[in-house]
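>>> Compute the structure for the input listed below.
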Amino acid sequence: PPSTPFRARLLQVPGVGEGAPGRRSRARTDTGRVVRASGEAPRRAADLHLAATIAAAAPHQRSRGRAGAGLLLRTGDLRRAEREGREGNLVLFAVDASGSMAARARMSAVSGAVLSLLRDAYQRRDKVGLVTFRGTAAELVLPPTSSVPAAQVRLAAMRTGGRTPLADGLLRARAVLRVERLRDPRRRPLLVLLTDGRATVAARPGGDPVHDACRAAALLAADGVATVVVDCESGPVRLGLAARVAAAAGGPALGLAELSADQVAGVVRAARAA
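Residues are numbered from 1 along each chain as shown. Just a heads-up that it's a prediction; the model follows:
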């Protein structure tokens, strides 16, 4: 069974999007807080940045022949208020279900982490999908959906064992995200990869499994996919392969324990106290 779910830390897509309403990543919205003025004309009255408009018009009042208390405005003076809020994302989980991850305690921790992230995705109005990889290939266990309970059911039925086709898992995730981008281009993707990085199946005959996995991760980075790698490696001998994949993807590598918002907050409090 999965370990007890916890309050997950906020994982975000970098930059500012223009996506579906939600509560995860930064996005330009019509109702968020005003962050700056734009030189573009407002599309509606509610978009007018009053202070910036007055500042643009003020230097020209004498040349425009202002005589009374009113401000003489021209179309070119109008400034639009740029607002920033939050968007919902597509959170695609790619879970390593191979034999190197199949120890009961390890998979319990991984399942508990995914359940916690799924609960967080539900609260933030994300879509979620699930790819697993084991044996010789990857499988899309759950196409992107807004049904978090469906993802929980599929996760509970996940089988484990066999070799580690990490490159194939990443390539399958890439294919899923490319199709989803065509369907819903405004919803930016976040790939959460849970693996120990110990790839044993190459993407091509004669290839190096770890090198192929890094190449696949680099393709995701080239596509503009934000990737977070959760390093599930345990035991006294650590190879650091998950960190190599994270570097190729241009994203951070976190330990399982670092997914807990409470633990991260505790580290911050301890640092401040010191």
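>>> Ignoring the adjacent residues along the chain, who's closest to residue 1?
residue 108 (6.5 Å; Cβ to Cβ, 6 or more residues apart in numbering). Heads up, the C-betas are built off the backbone N, CA and C, glycines and all.
>>> OK, contacts around the one you found?
For residue 108, the contact set (Cβ atoms under 8 Å, 6 or more residues apart in numbering) comprises 1, 2, 3.
>>> where exactly do the strands run in this protein?
For the chain, the strands defined by DSSP state E cover 21-38, 80-87, 90-96, 127-134, 137-145, 189-195, 226-231, 253-255.
>>> Starting from the third one, tell me which strands it pairs with and how they run.
Taking DSSP bridges as the criterion, strand 90-96 forms sheet pairs with strand 127-134 (parallel), strand 189-195 (parallel).
>>> which of the residues in the lengthiest helix in the chain are buried?
Longest helix in the chain, counting residues (DSSP state H): helix 104-123. Buried residues in helix 104-123, counted by 16 or more other Cβ atoms under 10 Å: 106-107, 109-122.
>>> how far out from the middle of the chain is it?
16 Å (Cα atoms, centre = their mean, to the nearest Å).
>>> again, but for stretch 179-199
Computed by Cα atoms, centre = their mean, the chain-centroid distance of stretch 179-199 equals 8 Å.
>>> Would you indicate which residues of stretch 202-216 are buried?
202, 203, 209, 210, 212, 213, 214, 215, 216.
>>> In helices only, show me those residues.
209, 210, 212, 213, 214, 215, 216.
>>> Quick check: the fifth one touching residue 244?
Yes: with contacts defined as Cβ atoms under 8 Å, residue 214 counts as touching residue 244 at a distance of 6.0 Å.
>>> Give me the common contacts of these two.
By Cβ under 8 Å, 6+ apart, no residue touches both residue 214 and residue 244.
>>> Give the bridge partners for the most centrally placed residue in the chain, please.
Closest to where the C-alpha atoms of the chain average out (Cα atoms, centre = their mean) is residue 190, at 2.9 Å. Legend: beta-bridge partners of residue 190 under DSSP bridges are residue 91, residue 226.
>>> now residue 95
Beta-bridge partners, per DSSP bridges, of residue 95: residue 132, residue 194.
>>> So it versus residue 257, what's the distance?
Counting by Cβ to Cβ, to the nearest Å, the separation of residue 95 from residue 257 is 18 Å.
>>> So these two - more neighbours on which side?
residue 95 (28 against 11; other Cβ atoms under 10 Å).
>>> check contacts around that one.
110, 114, 130, 131, 132, 133, 155, 158, 194, 195.
>>> Residue 90 against residue 187, yeah?
Yes: between residue 90 and residue 187 there is a contact under Cβ under 8 Å: 5.0 Å.
>>> Can you work out which residues contact both of those two?
127, 180.
>>> For these two, indicate the residue with more neighbours.
Neighbour totals were compared for residue 90 and residue 187, and residue 90 leads with 26 against 20 (other Cβ under 10 Å).
>>> so what's the more buried one up against?
Here residue 90 is in contact with 126, 127, 128, 129, 144, 177, 180, 184, 187, 188, 189, 190 (Cβ under 8 Å, 6+ apart).
>>> same check, this time on residue 219
170, 171, 174.
>>> Take the residues you listed and lay them out in CSV including pLDDT, distance to residue 57 and neighbour count.
Listed next are the contacts of residue 219 as CSV, based on pLDDT from 0 to 100; distance: Cβ to Cβ, whole Å; neighbours: other Cβ atoms under 10 Å:
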residue, pLDDT, distance to residue 57, neighbour count
170, 98, 54, 33
171, 97, 56, 21
174, 98, 50, 22
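>>> Make TSV from those residues and add distance to residue 22 to it.
Below are the contacts of residue 219 laid out as TSV (distance: Cβ to Cβ, whole Å):
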residue	distance to residue 22
170	25
171	28
174	23
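>>> And the pLDDT for residue 69?
Model confidence at residue 69, given as pLDDT, is 83.
>>> tally of neighbours for it?
5.
>>> and it, backbone torsions?
With angles defined as degrees, to the nearest 10, residue 69 sits at phi -80, psi -20.
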